[in-house]
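Novice: Sequence and predicted structure are below.
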Amino acid sequence: MIDSFMFLMDVIGTVAFAISGAMAAICKEMDIFGVNILALTTATGGGILRDILIGRIPPLMFRTPIYAMTALATANVVFVVLYIRKKRGRKARAGAYERILFWIDTLGLAAFTVEGTIAGAGALGGTGLFLMSFAGVITGVGGGVMRDVMAQELPSIFVKRIYACAALAGAVTVAILSYYIDQKQAMIIGFVLIIVIRCLAAHFRWNLPRITQ
Amino acid sequence: MIDSFMFLMDVIGTVAFAISGAMAAICKEMDIFGVNILALTTATGGGILRDILIGRIPPLMFRTPIYAMTALATANVVFVVLYIRKKRGRKARAGAYERILFWIDTLGLAAFTVEGTIAGAGALGGTGLFLMSFAGVITGVGGGVMRDVMAQELPSIFVKRIYACAALAGAVTVAILSYYIDQKQAMIIGFVLIIVIRCLAAHFRWNLPRITQ
Amino acid sequence: MIDSFMFLMDVIGTVAFAISGAMAAICKEMDIFGVNILALTTATGGGILRDILIGRIPPLMFRTPIYAMTALATANVVFVVLYIRKKRGRKARAGAYERILFWIDTLGLAAFTVEGTIAGAGALGGTGLFLMSFAGVITGVGGGVMRDVMAQELPSIFVKRIYACAALAGAVTVAILSYYIDQKQAMIIGFVLIIVIRCLAAHFRWNLPRITQ
């Protein structure tokens, strides 16, 4: 049961981040192969990084083609849809892309973070709260950082409001709850928590302090 | 026999990518130490990444100084040659650099990709087609991605025509053929295939579709 | 004894690089969470990279929260101090920041390089001079490269005078000396050597040759 639930989280995260990577590549006017590469990197980067850090070698993604296939299929669907829309001269309404990407990014972040936190528990070296939380956050934000570094953008974890912060809150929650309640329930609570935090932050335009020059 | 052939592929790839890294550093007006670092990163980055992913720890390059020595020697030869040319006021004819770099990059890509595909077969976790192909592509393009990210360029796999695409075709070919024929023959066929694809793509100016804004 | 000395080196390096990461984030006007992330990356990145390469999985930093806690505490102190200074309208005297950052970077580089060199000796695959030196240099410069790549700057190892060069000299010295004398003494000599080289390079404005376009 837990395995099929973790698989579901993995698929949600993979599809969401593949879309986000594909759209970042399309914004940079990359060709269809570049779109595939950036979607694949974004969708699998966090999980690969996590697997390297917890010693699951070769990373799950290299042993199970389903994740890469899902990411590539998603990327090509995104490309074809936007290609046809463009041909027909349709323009996205202002802000529509941002709203769609916000939801996709939030879904992917929530799914990968809770999945990564539980995966961290299986790491050699024990199931410490610290290691689990880190594994969760890295799984959640790692792919996006790779996408931004490769696309020459300032990583969105530095600029998007309460992004990594939401992942951290979710990961710690899942890690603590997994000691007391069923792992699956802990994952659902963490998943919902991350989405709620992101929505509240976006709605109330929460800002963290910064030092302007 | 196979080992000496893989060693030959490794040396070709190392020299080629060291030249490409050194020239990228010189274009950015880095000093001779920066030229050495970028050449070393470009020449060994793909192999290190591959070794981490297949669990060959410490990576081959850290156990066998010959690769790093070859890369560094190459970088310094490139630096001295260009330094003397510059002193003598010679200018490269327009396009000459691009043509030279095209051949060097193609040679390095072909050599590292076929070598990495066979190296992937030795990975723990089996000799699956998928894992081998990925190991090959990552070995082939990894160093170049690191070079471009560190030199603050958009990775050339996103912009160069049919670059990663040729690596993928070569890696899959080597992976499939290695089940049926001698590994060495499979590597030669893959090596030639990658070079042919790259040449055809450059000659006929093949383009993949993209979505312009 | 050696362990507590290596721990001291680790703490010096962690605090120094956390400051350098935090200040890089503040220069980019990131918010307090971004400052924490970049400080953490800079302070732990080199050690994590080294641990992955020598097969110490999960990396020390993930098993011992003390390093992350130290980096985060440092980052927040830096943020609060600069925040208050800014509120009071105080400006740093011209060049003061550069001088402070030079010393902090030098201290961190020296501490992490000598610590990493000895840590490399414990790696599987033996205690070769080559592996130890590389482990040292990567530990010393790895965090700074990650900081610069994530903050979209050209890595300072390419542009700062005699930076990686000093790390290499220190690492080789520690690696060679550790065969003949006490590890702790070797580390102290390497630590002092790196600082002296950096100071001499800065004072006499040593330049390595480069090819200007």
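Specialist: Thanks, I have it. Numbering: from 1, shown residues only, chains lettered A, B, ... in the order given.
Novice: what about the residue nearest to A:Arg147 when sequence neighbours are not counted, how many neighbours?
Specialist: The shortest distance from A:Arg147 to any non-neighbouring residue, by CB to CB, 6 or more residues apart in numbering or on different chains, is to A:Thr42 (4.1 Å). Where C-beta positions appear, they are placed from N, C-alpha and C, glycine not excepted. By other CB atoms under 10 Å in any protein chain shown, 32 other residues sit near A:Thr42.
Novice: now do A:Gly55
Specialist: So A:Gly55, with other CB under 10 Å, has 17 neighbours.
Novice: and if you look at A:Phe102?
Specialist: Counted with other CB under 10 Å, A:Phe102 comes out at 14.
Novice: what about the closest residue to it other than its chain neighbours, neighbour count?
Specialist: Counting by CB to CB, 6+ apart, A:Phe102 lies nearest to A:Ala202, which is 6.5 Å off, once chain neighbours are set aside. Applying other CB under 10 Å, we find 16 residues neighbouring A:Ala202.
Novice: so how far is C:Ala166 from A:Ala202?
Specialist: 46 Å (CB to CB, to the nearest Å).
Novice: what stretches of chain A score poorly on pLDDT?
Specialist: Counting by pLDDT under 70, chain A contains low-confidence residues at A:1-2, A:90-94, A:122-127, A:161, A:213.
Novice: does the residue nearest to A:Arg147 really touch A:Val15, like I thought?
Specialist: No - the criterion here is CB atoms under 8 Å, and A:Thr42 misses it with A:Val15 at 11.2 Å.
Novice: Can you verify my assumption that A:Thr139 contacts A:Gly46?
Specialist: Yes - between A:Thr139 and A:Gly46 there is a contact under CB under 8 Å: 4.5 Å.
Novice: Overlap of the contact sets of those two?
Specialist: A:Phe112, A:Gly116 (CB atoms under 8 Å, 6 or more residues apart in numbering or on different chains).
Novice: of the two, who's got more company?
Specialist: Using other CB under 10 Å as the criterion, A:Thr139 and A:Gly46 rank with A:Thr139 on top: 33 against 30.
Novice: Quick check: which element contains the nearest residue to that one once chain neighbours are set aside?
Specialist: The shortest distance from A:Thr139 to any non-neighbouring residue, by CB to CB, 6+ apart, is to A:Gly116 (2.5 Å). If you go by DSSP states H and E, A:Gly116 is part of helix A:96-121.
Novice: Does anything pack onto that helix? Which helices or strands?
Specialist: Judged by 3 or more CB pairs under 8 Å, 6 or more residues apart in numbering or on different chains; DSSP states H and E, the packing partners of helix A:96-121 are helix A:2-27, helix A:32-54, helix A:129-150, helix A:164-180, helix A:183-203.
Novice: Reformat those helices as TSV; add distance to B:Ala186.
Specialist: Below are the helices and strands packed on helix A:96-121 laid out as TSV (distance: least, CB to CB, whole Å):
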stretch	distance to B:Ala186
helix A:2-27	32
helix A:32-54	24
helix A:129-150	31
helix A:164-180	44
helix A:183-203	44
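Novice: wait, which of those helices is closest to C:Met61?
Specialist: Checking the helices and strands packed on helix A:96-121 against C:Met61 by CB to CB gives helix A:129-150 as the closest, at 8.8 Å.
Novice: Could you look up the next helix or strand downstream of the closest one?
Specialist: Past helix A:129-150, the next helix or strand by DSSP H and E is helix A:156-159.
Novice: Next to chain C in this structure, residues from chain A, please.
Specialist: For chain A, the contact set with chain C under CB under 8 Å from any CB of the partner chain comprises A:52-55, A:123-126, A:128, A:130-131, A:134-135, A:145, A:149, A:152-155, A:157-159, A:162, A:164-165, A:207-213.
Novice: Show the buried residues in these.
Specialist: A:52-55, A:123, A:128, A:130-131, A:134-135, A:145, A:149, A:155, A:157-158, A:162, A:164-165, A:210-211 (16 or more other CB atoms under 10 Å in any protein chain shown).
Novice: how about the residue nearest to A:Pro65 when sequence neighbours are not counted, what does it touch?
Specialist: Using CB to CB, 6+ apart and skipping residues adjacent in sequence, the residue nearest A:Pro65 is B:Phe130, 4.6 Å away. By CB under 8 Å, 6+ apart, B:Phe130 lies in contact with A:Phe62, A:Pro65, A:Ala68.
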